[in-house]
Structure formats: structure tokens, C-alpha cells
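# Build the 3D model from these lines:
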Amino acid sequence: MKKKKARTLRSHFLRLYVLLAILSGIVVPALSVWLSVKAFGALIVQRRHEDITNLAVALTELYNEEGGIWKRRRVMDILRPAPQWGNMRIALIDANDREIFTLRPLQQANNHRGGHSEPEDNRDNKFDDAEYEYTTVKLDREKNIGRLEIARKLPPNIASSSFMRYLTRYTLSGAVLMILIACGIGYIVAGKLSRPVIKAIERTRKISKGNYEPEDISELSGVQELDDLTQSVEDLGHSLSRQEELRRRLMIDIAHELRTPLTVTRTQIEAIADGVLEPTPERLTLCVNEMQRLGGLIANVEALSRLEGETLAIKKERTDMKSFLEPVLETFRPIFEKSGINFSHELDGNIYCEIDREKFRHVIDNLLSNAQRYTDKDGTVSVKLYREDNSAIIEVSDTGIGISEKDLPNIFERFYRADESRARVTGGSGVGLAIVKAAVEAHGGKISAQSVKGEGSCFKISLQTA
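Okay, the predicted model is just below:
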């Protein structure tokens, strides 16, 4: 199936502007004129009806004044100034169906010169082949004293036709002018609106090819949605650039950390195999420790893969947070005591949350492990659980080495390590806090950190209470 060629945003705007110009330049004026002509015609018909009614009333009053007879001279005096409704014939017919007086179009023109009319026996005679509009008006509704028969010759409507031609010509001229103006304005406006979209498309193409270098976006369109689009694309490029840099750093770190235990283990095993070294328990324990270190690194990489693949499945259940945290914290107490670190906790009761206990246990384990790793001897680590509005708050604080202001916004990024040399010594791989954040957010919660370099850190988890 042949793919339909898509139109540009500019062409869409031009079409829209032209359609609006046609609508406003032709359709609306034409509809307005048509309605005005209809209203004017209705007004003329109404006035004609009023004039005929007044004429009938005047003739009825004349009949009554004359004692029930029609005096032709008096009738002529009333009909002579009859309204000029175009070419018409007005005939007065008495009760016996006799024609009293007939006023013809020619007579209307000659009345002021003393013209008069004779009775006409054949009232149906037409003075030409034109079309007529016939009207019959009874003079008195209560008794039969006569009637008026009016035959109005329909005009050829030359003036109306001329007016319509005039209106059509100037409406079309105005529409053409409006279309040209609309095209010009549409071209300018469409160009201004489409330019940020085109730049965003070009920027995304560069990003897809690995070009993350930021571009100047100081000249914005002034349209909020388009400016947000431009800024979002630029933020995406910046984020991908940072992620790519962190990935490269991780690959270097992983290669280094994989090489170290493998080299140590291989050296020891080769020496034992060659008989250079005795297979003592100490040497075998060293090999086991290096393998455990290697296994820990692989486990972190697997955790990262699960995180990026979004396979973090959460099975929540209503949990008493104090009862959940107490055994976890007591498990870590010997570790802190062995490191010479003061450890305390303060847990409020009757706080329930919907959590996956196994996954959330990893969150607490990771935060406590970090606190123990980066807190010196005689330092302090404390854990608090309390309620704040409708949220359960868990705080893990330490008096360790802290995090610099520059690194603090990035500590939850994948692969990020604030201090590379320190991370290698402590075995960090830069994914622990990223996994913690993903797990907390999977529970519908939030995690934040506050820290001062050299004074310690505080990690705060907020969960919705159940």
C-alpha cells in the first residue's frame, strides 16, 4: 500500500487561514445580505398590506358618507393618490359585481394631467404579457358593499439584479484580497510556529545519532507548548548525555573491578597448581573472598538490568511498619557495634503501609549499608519512623563523610558515584541508590536526601499510609 505523503505544519496552517478567509469574506457576508434582503422584502410586503388596508377603510367610509352609493368622482379622488407600488391596476367592484372605477398604470402616470378612467367590462384583460400578482380586498367584513381587485405587475427586478451583481463582484474582490492577506499572515505565523518543531525534529535526529551536545535555545517562539517541547528535547539530550557518560564510567569501573579479583584468584590458583605455593587455608580463603567480591559485582549488574528492564514486580500487603522495621534494624546492630558506630532507632507505633516486604527490606538494607560504609568509628547512625499528615516517614541519618553539594542532585542516577576512588575502595558500583529510588517509587512513595560534606547525610522516605 502506497504511503500517503504527509503535509507540513506550514501547509496545514495556510489551508486553515485560507478557509477562514473564504468563510469570513464570502459565506458570512452573503448570508448576511440574503437575510437582510429577506427582511427588507418582508417589510415591503407588510407596508403594502397596510396601504391596501388603509385604502379599503377610506373607500368604506366614503360609501357610508354617500348613503350607500358609489360616486365615481369621489372614488377617483381617493384612488388617484394611491401609493405607487410599481405597475399595477386597481379596480373597485360593487356588490353586484359591477366595475365602478379602474385605475391603470398609464392613468397613474397621467392623473396629475387630468387623466380619467372609464369602466372596463373585461377586468381580466392584460395590457401585456408580464406576470401579475393579484390581490382581492373586501371593503366591509360585516356587509357586502364591494371589493378592491389589485393586479400588480411584477417588475423585472433590474435594480435587485444590479445590486446582487455589485455585491457579488465586491464580495469576491474582498474575498480574494482577504485570502491573499491571510496567505501572507499564515505563511509568517506558520513559519514562526513550525520553526521550533523543525528544530526539535533536527535535534532529536542528532540525539538519535549520539550527538548530545547542547544547542542554543535562547530564541524561543513565545508559544508555551512549543517552548516546552524545545526545552524538553534539550533536557532529554542533556539527560542522555549524562547517562552515556555514566555508562562509560561504569564500564571502566566494571572492567577494573572484574579484572582485580580475577587476577588475584588466577595468580593464586596458578601458583598452587605449579607447586610454587602451598594450598593453605588462608590462600584458599583469599580466593573465596575474591570470588564473593566478583559475585557481588555481578549481582549489582543483574539488579541494574532488572531496573532498566522494568521487571521490578511489587506484591503489596498491609504491614505494621514498626513491627517490620524492628527485626531488620536489630539485624544490623552487631554490624554497627563491630564497626564502633553508635546505632539507635525511634519508631512510632500504629503506622500501616502497603508494601512488598522483601523488596522494601532491600531498600532499608541498602540505606543502612551505605550509612555503615561511609560513617567513621565513633560516629552515629539513627533511624526514625513517624507519621506526617497521611504519610509514613522513614529517616536514615548518619554523621559520616557526607555528600558534596555538586554531587547531591545526582546520587540517585544510575551508575553515578560521587567519589570514584572512594567507591572502588568500598566496593560501590553506582547502582545501589538508583535501585532504592526505583523500589520506593514502585511502592508509590518518594525518597529524598539532605547532606553536608563532612557532617553527614539524611535519607527520607515518604509512603502513603494504609
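# Around residue 234, how many other residues sit close by?
Residues lying near residue 234 (other CB atoms under 10 Å) number 18. For the C-beta atoms, the positions are set from N, CA and C on the backbone; glycine is no exception.
# Residue 173 looks like it's in a strand, true?
No: under DSSP: H, G, I helix; E, B strand; the rest coil, residue 173 falls outside any strand and is assigned helix.
# can you pull the buried residues of stretch 284-299?
287, 290, 293, 294, 297 (16 or more other CB atoms under 10 Å).
# what's the pLDDT at residue 377?
Model confidence at residue 377, given as pLDDT, is 90.
# tell me, how many neighbours does residue 235 end up with?
Residue 235: 11 surrounding residues under other CB under 10 Å.
# Give me the packing partners of the helix or strand harbouring it, helices and strands only.
Per DSSP states H and E: residue 235 is located in helix 224-273. Packing partners of helix 224-273 (3 or more CB pairs under 8 Å, 6 or more residues apart in numbering; DSSP states H and E): helix 158-208, helix 281-308, helix 420-426.
# Now tell me which helix or strand of the chain has the poorest mean pLDDT.
helix 420-426 (a mean of 45; mean pLDDT, DSSP states H and E).
# Helix or strand next in line after that helix, which one?
Following helix 420-426 toward the C-terminus (DSSP H and E): helix 432-442.
# just the angle between that next one and helix 281-308, please?
Interaxial angle of helix 432-442 relative to helix 281-308 (axes from the mean of the first three to the mean of the last three CA atoms, to 10 degrees): 40 degrees.
# Give me the contacts around the next helix or strand after helix 432-442.
Where DSSP H and E defines the elements, the next helix or strand beyond helix 432-442 is strand 446-452. For strand 446-452, contacts defined as CB atoms under 8 Å, 6 or more residues apart in numbering pick out 402-403, 408, 411-412, 436-437, 440-441, 457-462.
# Which ones among those map onto helices?
Among the contacts of strand 446-452, the ones falling in helices (DSSP state H) are 436, 437, 440, 441.
# Output these in JSON lines, with pLDDT, neighbour count and distance to residue 466 appended to each entry.
Below are the ones in helices among the contacts of strand 446-452 laid out as JSON lines (pLDDT from 0 to 100; neighbours: other CB atoms under 10 Å; distance: CB to CB, whole Å):
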{"residue": "436", "pLDDT": "87", "neighbour count": "22", "distance to residue 466": "21"}
{"residue": "437", "pLDDT": "88", "neighbour count": "22", "distance to residue 466": "22"}
{"residue": "440", "pLDDT": "90", "neighbour count": "23", "distance to residue 466": "16"}
{"residue": "441", "pLDDT": "87", "neighbour count": "13", "distance to residue 466": "17"}
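# Give me the distance between residue 249 and residue 401.
Residue 249 sits 20 Å away from residue 401, going by CB to CB, to the nearest Å.
# Of those two, which one has the most company?
residue 401 (20 against 15).
# Quick check, pLDDT for the closest residue to the more buried one other than its chain neighbours.
Once flanking residues are discounted, residue 401 sits nearest to residue 374: 5.2 Å by CB to CB, 6 or more residues apart in numbering. Listed pLDDT for residue 374 reads 90.
# Relative to its centre, which residue of the chain is most distant?
residue 67 (84.0 Å; CA atoms, centre = their mean).
# May I ask which helix or strand encompasses residue 314?
Residue 314 belongs to no helix or strand when assigned by DSSP H and E.
# burial measure for it, as a count.
Residue 314, neighbours per other CB under 10 Å, totals 14.
# Isn't it up against residue 442?
Yes: shown here, residue 314 and residue 442 form a contact pair, counting by CB atoms under 8 Å, at 4.9 Å.
# Overlap of the contact sets of those two?
Here residue 314 and residue 442 share the contacting residues residue 359, scored by CB under 8 Å, 6+ apart.
# quick one: average pLDDT of stretch 230-244?
Averaging pLDDT along stretch 230-244 gives 79.
# Flag every buried residue along it.
By 16+ other CB under 10 Å, the buried positions in stretch 230-244 come out as 230, 233, 234, 237, 241, 242.
# would a markdown table of those residues with distance to residue 366 be doable?
A markdown table is the format used below for the buried residues of stretch 230-244 (distance: CB to CB, whole Å):
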| residue | distance to residue 366 |
| --- | --- |
| 230 | 38 |
| 233 | 34 |
| 234 | 33 |
| 237 | 31 |
| 241 | 27 |
| 242 | 22 |
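# and which of those is nearest residue 335?
Taking CB to CB as the measure, residue 335 lies nearest residue 242 of the buried residues of stretch 230-244, at 33.7 Å.
# Wait, that closest one touches residue 409, no?
No: contact criterion CB under 8 Å: residue 242 and residue 409 do not qualify, at 10.8 Å.
# Tell me if I'm right that residue 362 and residue 442 touch.
No: if you go by CB under 8 Å, residue 362 and residue 442 don't touch, sitting 11.5 Å apart.
# Neighbours of residue 364, how many?
Count around residue 364 with other CB under 10 Å applied: 20.
# Could you say which helix or strand holds it?
Short version: residue 364 belongs to helix 357-373, going by DSSP H and E.
# Next: residue 149.
Going by DSSP H and E, residue 149 is part of strand 146-153.
# With residue 137 instead?
Assigned by DSSP H and E, residue 137 falls in strand 132-138.
# tell me which strands and helices that strand is in contact with?
helix 28-65, strand 146-153.
# Could you export it as CSV, CA atoms only?
In CSV, the C-alpha atoms belonging to strand 132-138 read as follows (Å, rounded to 0.1, in the frame of the first residue of the first chain):
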residue,chain,number,x,y,z
TYR,A,132,-49.0,39.8,-12.2
GLU,A,133,-49.7,39.5,-8.5
TYR,A,134,-53.4,39.5,-7.8
THR,A,135,-54.9,40.7,-4.5
THR,A,136,-58.6,41.0,-3.6
VAL,A,137,-59.7,43.0,-0.5
LYS,A,138,-63.2,43.0,0.8
